[in-house]
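Peer 1: Got a sequence here, can you model it:
(chains A and B)
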There are 2 protein chains.
Amino acid sequence: MARNTQVPADHDAPPITKILAEYVSGFASRGWNDAVDHEAHRTFLNWLGCAVGASRHEAADAALAAVAELQPAPQATVAGRSGKVDMASAALVNGITSHTFDFDDTHLKTIIHPAGPVASALLALAEHKGMSGREVVDALVLGIDVACRLGNLVYPEHYDRGWHITGTTGMLGAAAGCARLLKLDAQQTQMALGIAASQPVGLREQFGTMTKPFHPGAAARAGLMSALLAAKGFTSSPRALEAPRGWAQVVSTKAAWNEATDELGQRFEISFNSYKPFACGIVIHPSIDACVQLREQGVRAEEVERIELRVHSLVLELTGKKEPADGLQGKFSVYHGCAAGLVFGRAGEDEYHDDIVNRPDMVELRRKVVATVDNGIDEASADVTACLKDGRKVHVFVEHAIGSLQKPMTDAMLEAKFAQLAEPVLGAGKTRQLIAACWGLGNAADVRELVALARP
Amino acid sequence: MARNTQVPADHDAPPITKILAEYVSGFASRGWNDAVDHEAHRTFLNWLGCAVGASRHEAADAALAAVAELQPAPQATVAGRSGKVDMASAALVNGITSHTFDFDDTHLKTIIHPAGPVASALLALAEHKGMSGREVVDALVLGIDVACRLGNLVYPEHYDRGWHITGTTGMLGAAAGCARLLKLDAQQTQMALGIAASQPVGLREQFGTMTKPFHPGAAARAGLMSALLAAKGFTSSPRALEAPRGWAQVVSTKAAWNEATDELGQRFEISFNSYKPFACGIVIHPSIDACVQLREQGVRAEEVERIELRVHSLVLELTGKKEPADGLQGKFSVYHGCAAGLVFGRAGEDEYHDDIVNRPDMVELRRKVVATVDNGIDEASADVTACLKDGRKVHVFVEHAIGSLQKPMTDAMLEAKFAQLAEPVLGAGKTRQLIAACWGLGNAADVRELVALARP
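Peer 2: Residues are numbered from 1 along each chain as shown, chains lettered A, B, ... in the order given. Purely as a prediction, here's the structure:
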C-alpha cells in the first residue's frame, strides 16, 4: 500500500499533439525558404547514399531473410537491392541499412539521426502509391520537424536515461510524415501521432550490435503503420504526447513543452541537420578531424610515441572501446578512429572493415592513444597532442569538426561521399544519375523514377 | 555541462538475458505438473474466446484495413474472420481483438494480460509452420513465464510510471515463445530477447482508445519478428535486459533481479493467471461482484437511493469515468459497472454496448453510486452499501472477487464465457467443437485443425 499511485501533475501542458497534427496536415507545400528546401535535398541524398552503401551488409541480409518469411508483396524497393518487399518492410530495412554504417545524418541539438526513421517510411509509402517528389520533400521537412522538436522537448534527460533517441522520437516523425503523404486531416494525423507515441524503439545498451540500426528501421515501420491505421479509423489518445501518462512524461523527466511550438512553421529543425564525414558516432569526429589535421601537418604514424587526447566524458562513455575486435566495435572506439585519421587521413566505411581494425600497425597505433576526460572541453571539440619519438610535440585543437553546423560538408563533399558508398553497389553511371535525381527530387512527378535508379 | 552523463550503477545484475534464454531453449517439453498444463489450456481457451468475440469490432476492421494495404500473404488466421493474412499481421490483429473487450486474462501480481501478446504470436507462427499443439502449449507456458517474471521484476514502479505493462513485457514473452517454437538455441534465443527488449509498446494514457488493445497486438508482432530476426542471425546485446542501459533499468526504477530466476523451472507464473468474468478492467471486479451479490440479496435498482462504494485509490484512478459516453468508456467507469451488476447480475460484453451504457435507467442508477477512496481497502476488495429509499441499508464486503485466484472461474464457467463470445460469430456447433479442440490442444498433431474451427 506504500506505493505512489498518484497521476503525475499535468504541468499545464499545452495540447501539443493537436498543435503538431494541425501543423503537419495544414502547412503549405514548400512553405519555407530555398535554404530549407535545399537542406531537405541534402538530407535525402545523404540518407539514400548510406542506405545503398550498407545494402549488402549482413544486417540487411538477416533482416531481409526474416521479412521473406512473411512472403511480402513486391510494393517497395530496398535501396541497393533488386527485389521488392511490402512497403512496411521496405521502411524497416531501409531504416536499418541507412544507419548500419553509423554514417548518416545528425540533428546535433539532440543526437537524433532523423532521416533514418522519417525518409525510410516516406520513400516506401511514396513509391508504392506513386507520389510526387514534392510531396516527399514536404513530408520530410515536416516529419523531421516533428521528430526533432519532440527530441528538443525531452533531450538530454531522455537520452541520459538510456533511450536511443533516434528510434524513440523517429516513429513520431515517420507517423507525421506518412500522415502528410496520405493527406490525412488534422484529426486523423492526431490519431496517427497518438498510435505512434505508444511505440518508442531503442535502448542505448544495443550500441555495437545490429539492433542499434534496427531502431530507426523499426521506428520507420511503426510510424508508417500508425498513419495507415489512423487513415482507417483507428483511435488513440488525442493527448498522447503531453498527458500526464503520455509519451513525454513516461519516457523523460524533462518536458520543455515550448520546444514543440516555438517558432512553429518559421524555424525548421532540418536546418540544424548535419552529415557525417566519418563513418562512426558523432562524438568521435573532433578527435578524428584532429588526427587528420596532424597527418596534414606531416605527422607519420611510425614517428609517434604517444597521442594525448583530451575530450568530454561522453566521448569515452560512448566510444571508449580500447580493443575493438571487429569493424562494428571499431565504430565505438575513439582509439581506432584516431589511428585511422592519422594513417589514412579519413575514416569512411572502408576504414572500419574488420581487416583494417585488426591490422597489426593499427592495433599498435591505437594503443598509443591515451585519452583523458576533461569536461572543460565541449563534446563538439577535441584537444590532441602527438608526442613524437624524437621528443617533438604537435598540438591540434579542434573546436568544431568538419561536418558540424559550423563547418558543414559542401554539396560536392556530400556527392563524393554518396559516390563512395553507392558505386560499388550500383556502378558509376547509375550512381551519377541517382545523385542528379536526388537533387531534382522536389520536381519529380513520380518518385518511382528515382527509386528505379537505386536498384542494381 | 551540468548534465549527468554517468552510466547507472550495474547493481551486480545477474545475466538474466542468458539465464532466461537457456531456460526457454532447454527446458523439457511438459516439464511441469498436470495443474500447470491444464492452466495453459484454460489460458488458451479464454484467450481464443476473447479474440473470436471481438473479431467483428471496428478496431479489428480498422486494423485489418491497414494490414490489407500491405497486400499480405495468406499465412495465418485472424480468429473469427474468414480471410488470412501474413503471420506477423495475424499476431498483431489477434493481439488486438483478444484485448478489445478487456475481457482477457490477468496475471494478478502485475496486471499483465499475458495471453494477448504471447498466444497471438504463437498461434500465428504455429499455424503457418504446421506445428503441433504440444509445441504451442510448451511455448505458451515458457513465454508467459518470461513475460510475467520480468513483470514481477519491474512491477509496480514500472506501471506507476505510466507504462501499459502488458505490451512492455509482452514482446519479451512473445519473443521467448516464438524462439521456442522455432527451436532456436540458447544463443539465438538470447538475441531474440535482446531484439525484443528494444521494443516496449504501450502508454497507460491510451486507456479508453483502440490503442490500448493495440499494445498486446504490437507486442505480439514485435516478439514474433524478433525471433525470426534472431533465427536469421540478427544480433543484439547479450545483456539487453539487465545492463545499466538495458530494458529493466531504462523502463523502471525497480529491478528485483531475483524475480527472473527464483524457482525457475519449478514455479510457473501461468499458475497465477486469472480470467475475467466481467468485460472490464480487473480493478472494478470486486465492486461489480458486490453489486451482483446485492442483487442476489433482493436489492432492486428502483429501490435504491444511493450506492456507497469504498475502494482503493487505484479503482478511481483507472476507472473513475463518471459519465461514460459509450461502451468503451463504460469499461473505465466503476459507476457503470456497479449499475450493470445490480440491474443485470452480470457485466459481460453485452452489458457494455453503447445502447446499454446510454440507457436512461442505467444513467440514473450510475449517478447514485458514490465512490470514496479508502486505501485501508485492498485493491482486490470492495466495500459496498446499498442505501434504499425506505431507509434500509444492505452491506456487502467482497474480499476477493469471482475470477480471482482465491475464487477462480471453473472450467464450466470458462466454457460458458467462451460460448457467449463465440456463438454469435461461429455458430453453436463450431463453437462446441472449438471448445473441445482447445481442451485437446496439447495432443493435437497440427494446430491447423483447431484454427480451421476458428474461422466462420
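Peer 1: As a check, name the ranges of all helices in the stretch 301-450 of chain A.
Peer 2: Counting by DSSP state H, counting those that start in this stretch, the stretch 301-450 of chain A has helices at residues A:313-319, A:327-330, A:334-344, A:354-357, A:360-367, A:411-426, A:428-439, A:448-453.
Peer 1: May I see these organised as CSV, with distance to chain B, mean neighbour count and mean pLDDT added?
Peer 2: C-beta: built from backbone N, CA, C; applies to glycine. Below are those laid out as CSV (distance: least, CB to the nearest CB, whole Å; neighbours: other CB atoms under 10 Å in any protein chain shown; pLDDT from 0 to 100):
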stretch, distance to chain B, mean neighbour count, mean pLDDT
helix A:313-319, 5, 19, 93
helix A:327-330, 9, 22, 90
helix A:334-344, 15, 27, 97
helix A:354-357, 15, 16, 96
helix A:360-367, 22, 16, 97
helix A:411-426, 21, 19, 95
helix A:428-439, 26, 18, 98
helix A:448-453, 17, 18, 98
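Peer 1: Quick one: these as TSV, columns for distance to B:Leu318 too.
Peer 2: Shown next, in TSV, are these (distance: least, CB to CB, whole Å):
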stretch	distance to B:Leu318
helix A:313-319	39
helix A:327-330	44
helix A:334-344	48
helix A:354-357	53
helix A:360-367	55
helix A:411-426	51
helix A:428-439	50
helix A:448-453	47
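Peer 1: Between the two ends of stretch A:229-244, what distance do you get?
Peer 2: End-to-end span of stretch A:229-244 (CA to CA, to the nearest Å): 24 Å.
Peer 1: what about that stretch and chain B, any contact?
Peer 2: Yes. Judged by CB under 8 Å from any CB of the partner chain, stretch A:229-244 and chain B are in contact via A:229, A:231-237, A:239-240, A:243-244.
Peer 1: Can you give the distance from that stretch to the centre of its chain?
Peer 2: 26 Å (CA atoms, centre = their mean, to the nearest Å).
Peer 1: what pLDDT, on average, does that stretch get?
Peer 2: Regarding stretch A:229-244, the rounded mean pLDDT is 98.
Peer 1: so A:Leu294, which of the three states?
Peer 2: Three-state assignment for A:Leu294 (DSSP: H, G, I helix; E, B strand; the rest coil): helix.
Peer 1: Please look at it and A:Leu342 and confirm they touch.
Peer 2: Yes. With contact defined as CB atoms under 8 Å, A:Leu294 reaches A:Leu342; the gap is 6.0 Å.
Peer 1: Spell out which residues are contacts of both of these two.
Peer 2: A:Ala386 (CB atoms under 8 Å, 6 or more residues apart in numbering or on different chains).
Peer 1: check contacts around A:Phe103.
Peer 2: So A:Phe103 contacts A:50, A:53, A:276, A:278-280, A:348-349, A:417, A:421 (CB under 8 Å, 6+ apart).
Peer 1: pLDDT score assigned to it?
Peer 2: For A:Phe103, the model assigns a pLDDT of 92.
Peer 1: any idea how far it lies from chain B?
Peer 2: 19 Å (CB to the nearest CB, to the nearest Å).
Peer 1: mind checking which helix or strand that residue is in?
Peer 2: Using DSSP states H and E, A:Phe103 sits within no helix or strand.
Peer 1: still on that earlier bit, from the residues of stretch A:229-244 next to chain B, which land in helices?
Peer 2: Mapping these onto helices (DSSP state H) picks out A:229, A:231.
Peer 1: Between the residues of stretch A:229-244 next to chain B, which sits nearest A:Val141?
Peer 2: A:Ala231 (21.0 Å; CB to CB).
Peer 1: For the closest one, give its distance to B:Glu127.
Peer 2: 28 Å (CB to CB, to the nearest Å).
Peer 1: Repeat that for A:Pro216.
Peer 2: Counting by CB to CB - A:Pro216 and B:Glu127 are separated by 31 Å.
Peer 1: Just the residues contacting stretch A:352-369, thanks.
Peer 2: Against stretch A:352-369 from outside (CB under 8 Å, 6+ apart): A:101, A:279-280, A:301, A:304-307, A:309, A:322, A:324-331, A:333-336, A:338-340, A:342-343, A:350.
Peer 1: lowest-pLDDT helix or strand in chain A?
Peer 2: None of the helices or strands of chain A scores lower by mean pLDDT, DSSP states H and E than helix A:327-330, at a mean of 90.
Peer 1: for that one, packing partners?
Peer 2: helix A:354-357 (3 or more CB pairs under 8 Å, 6 or more residues apart in numbering or on different chains; DSSP states H and E).
Peer 1: burial count for the residue nearest to A:Thr261 when sequence neighbours are not counted?
Peer 2: Nearest residue to A:Thr261, sequence neighbours excluded (CB to CB, 6 or more residues apart in numbering or on different chains): A:Ile19, at 5.8 Å. Burial of A:Ile19 is recorded as 18 neighbouring residues (other CB atoms under 10 Å in any protein chain shown).
Peer 1: same deal with the one 10 residues further on?
Peer 2: Around A:Ser29 there are 14 other residues, counting by other CB under 10 Å.
Peer 1: Contacts only, for it.
Peer 2: A:134-135, A:138.
Peer 1: What of A:Leu229?
Peer 2: A:191-192, A:195, B:62-63, B:66, B:214.
Peer 1: Okay, and which of those residues map to helices?
Peer 2: Per DSSP H, these map to helices at A:191-192, A:195, B:62-63, B:66, B:214.
Peer 1: count of neighbours near A:Glu157?
Peer 2: Going by other CB under 10 Å, the residues that sit close to A:Glu157 add up to 16.
Peer 1: What's the per-residue pLDDT of it here?
Peer 2: 95.
Peer 1: Looks like A:Leu426 contacts A:Pro456 (just checking).
Peer 2: Yes. Using CB under 8 Å, A:Leu426 is in contact with A:Pro456, at 5.6 Å.
Peer 1: which residues do the two both contact?
Peer 2: Contacts common to A:Leu426 and A:Pro456, judged by CB under 8 Å, 6+ apart, are A:Gly80.
Peer 1: quick one, phi/psi of A:Ala79?
Peer 2: A:Ala79 adopts backbone torsions of phi -50, psi 130, taken as degrees, to the nearest 10.
Peer 1: if I pick it, what's in contact with it?
Peer 2: Here A:Ala79 is in contact with A:48, A:51-52, A:55, A:94, A:97, A:454 (criterion: CB under 8 Å, 6+ apart).
Peer 1: tell me which of these is nearest to A:Asp185?
Peer 2: Nearest to A:Asp185 among the contacts of A:Ala79, with distances taken as CB to CB, is A:Asn94, at 27.7 Å.
Peer 1: Helix or strand for that closest one, just tell me which one.
Peer 2: Using DSSP H and E, A:Asn94 falls in helix A:87-100.
Peer 1: Show me what that helix is packed up against.
Peer 2: helix A:34-53, helix A:58-68, strand A:76-77, helix A:115-129, helix A:211-231.
Peer 1: quick one, what contacts the residue positioned nearest the centre of chain A?
Peer 2: In chain A, the centroid-proximal residue (CA atoms, centre = their mean) is A:His113; its distance is 2.1 Å. By CB under 8 Å, 6+ apart, A:His113 lies in contact with A:99, A:104-107, A:166, A:216.
Peer 1: Test my guess that A:Arg117 contacts A:Gly223.
Peer 2: Small correction: residue A:117 is Pro, not Arg. Yes. Look at A:Pro117 against A:Gly223 with CB under 8 Å: they come within range, at 6.4 Å.
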